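J.: Got a sequence here, can you build the structure:
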Amino acid sequence: MATSKNDDGNATLVQDLKVTVQRFSKVFPANKWERDMFVSNIDLAANFNTGVINFFLPNSAFPMDSVIEKIEKTLQDVLVKYDYFAGRLKRDPHTNRLVIVCNAGWMGFAVATIALEDISSPDDQPLCAFQYMQVTIFKCGGFTMGYSANHMLSDGIGLRVFFENVAALLADKPIPFPPYNNRRALAARTPPRVKFSHNDILKLKKEAKMSTVEGTDIITSFNAVMAHLWRCRGSLSENDPEKKTSTILYAVDLRSRLQPPLPLTYAGNAIISAYATASISELKEKPLGYLVQLISQGTTRITNEYARSHIDWLELHTGFPHGDFSVSMVENRIC
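T.: Residues are numbered from 1 along each chain as shown. Got it, this is the predicted structure:
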């Protein structure tokens, strides 16, 4: 569905989006060689679909036919470095682990048109392919480039690097950031050594809290915004706030936190969740700096040993999510 404005200027749902797929093609890597890619325990925990959409304004200097042809050719070239984006999942019979079979498949590429000329806030339309890209053309001449894939392929940072490499190839430049594809850098230790409790994040003991913030290095834009959102969410809680707590989860990049550090171009999933916990009364009554302190403590808790312990815990507790799901970033519970 899409929204438009009625005679009173109010937004209302009026009609379905009329998206017409003009053609669909299978994009294969320009060069092929068969191999199986190891995936880390962090990758295995991200076995669900995710999507990205980019919007582009009309540009008369670039006719859409040539743009589409260029994008499709560029995908063939970039898949040489990212061959696992055209891969398929299978279970290794020797280790019973999922692996990515590279060059065993293709990446879907679709070209579509949309009938509506003015869209204010269309509903999300999830894409379900393992890896899939669609260019949707608007009557105004603008277009979107949507991408959907299994999150096991990459985290957000790795996906950003992927699109930067695609942009370089589209501009007839060499790939500036070759992906680092050795995912064994995040393999579990032998034997696994779990030194932290990772099985239930809500049951972990709260860190010692301070009523004031010491120093300014923890007052980042991210921490301040997270603290504000956390407080707003916590203020919605009702029914005996003294007996309720709120835990906020947020992703932390491991690349620079490990010893030795991972390359910034590490292409797999290198994020785990940090957390902060407070009572509802604390969220309502404590100064914002107090909440910033808690969030900062959650980030500093993610050390090399903590991350390695987390990976080892996943090794001992096998299993992986399957299918699409959503997770609330803030959760309230009864103590």
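J.: L57 reaches G142, doesn't it?
T.: Yes: taking CB atoms under 8 Å as the contact criterion, L57 and G142 are neighbours in contact, 5.3 Å apart. Yep, even glycine has a C-beta here, placed from its N, CA and C like the rest.
J.: So for the two, which sits in the more crowded spot?
T.: G142 (14 against 8; other CB atoms under 10 Å).
J.: Chain neighbours aside, what residue packs nearest to that one?
T.: Nearest residue to G142 in three dimensions, chain neighbours excluded: P58, at 4.9 Å (CB to CB, 6 or more residues apart in numbering).
J.: E285 versus that neighbour, what's the distance?
T.: When CB to CB, to the nearest Å is the yardstick, P58 and E285 sit 52 Å from each other.
J.: which of those two has more neighbours?
T.: Regarding P58 and E285, a neighbour count based on other CB under 10 Å identifies P58 as having more, with 13 against 10.
J.: Test my guess that that one contacts I137.
T.: No: with contact taken as CB under 8 Å, P58 and I137 are classed as non-touching, separated by 10.0 Å.
J.: Please, where are all the helices along the stretch 51-200 of the chain?
T.: 64-81, 156-170 (DSSP state H, counting those that start in this stretch).
J.: how about the ones you listed in CSV, adding mean neighbour count?
T.: Conversion of those to CSV gives the following (neighbours: other CB atoms under 10 Å):
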stretch, mean neighbour count
helix 64-81, 16
helix 156-170, 17
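J.: Which one of the ones you listed lies nearest to Y290?
T.: Go through these one by one with CB to CB and the one that ends up closest to Y290 is helix 156-170, at 28.9 Å.
J.: how far out from the middle of the chain is that closest one?
T.: The offset between the C-alpha centroid of helix 156-170 and the centroid of the whole chain comes to 14 Å, using CA atoms, centre = their mean, to the nearest Å.
J.: Please state the mean pLDDT value computed over that helix.
T.: In this model, helix 156-170 has a mean pLDDT of 95.
J.: heads up, I number from 268, so please use that
T.: Taking 268 as the first residue, the last one we looked at is helix 423-437.
J.: List of residues touching that helix?
T.: Outside helix 423-437, the residues within contact range by CB atoms under 8 Å, 6 or more residues apart in numbering are 319, 321, 337-338, 341-342, 344-345, 348-349, 352, 414, 421, 441-446, 518, 520, 522, 531-538.
J.: for the following helix or strand past that helix, packing partners?
T.: The helix or strand immediately downstream of helix 423-437 is helix 488-501, counting by DSSP states H and E. Contact analysis of helix 488-501 by 3 or more CB pairs under 8 Å, 6 or more residues apart in numbering; DSSP states H and E lists strand 511-520, strand 538-546, helix 547-552, helix 555-567, strand 597-601 as its packing neighbours.
J.: so where's the stretch 268-417 of the chain uncertain?
T.: Per-residue confidence of the stretch 268-417 of the chain (counting by pLDDT under 70) places the weak regions at 268-284, 371, 382-397.
J.: Any figure for the gap between I442 and V433?
T.: When CB to CB is the yardstick, I442 and V433 sit 9 Å from each other.
J.: Overlap in contacts, these two.
T.: Both I442 and V433 are contacted by V345, under the criterion CB under 8 Å, 6+ apart.
J.: Residues contacting stretch 572-579, please?
T.: By CB under 8 Å, 6+ apart, stretch 572-579 touches 307-309, 453-456, 459-463, 465, 521, 524-525, 539.
J.: rerun that using 7 Å as the cut-off
T.: Stretch 572-579 is touched from outside by 307-309, 453, 455-456, 459-463, 465, 521, 524-525, 539, with contacts defined as CB atoms under 7 Å, 6 or more residues apart in numbering.
J.: for stretch 446-466, same thing?
T.: Stretch 446-466 is touched from outside by 304-310, 348-349, 428, 471, 529-530, 532-535, 537, 572-573, 575-580, 582-583, with contacts defined as CB under 7 Å, 6+ apart.
J.: Okay, buried residues for it please.
T.: Of the residues in stretch 446-466, P446, Y447, N448, R450, A452, L453, A455, P459, V461, F463, H465 count as buried by neighbour count, 16 or more other CB atoms under 10 Å.
J.: picking that back up, and for L324 and G409, which residues touch both?
T.: Contact criterion CB under 7 Å, 6+ apart; no residue bridges L324 and G409 by contacting each.
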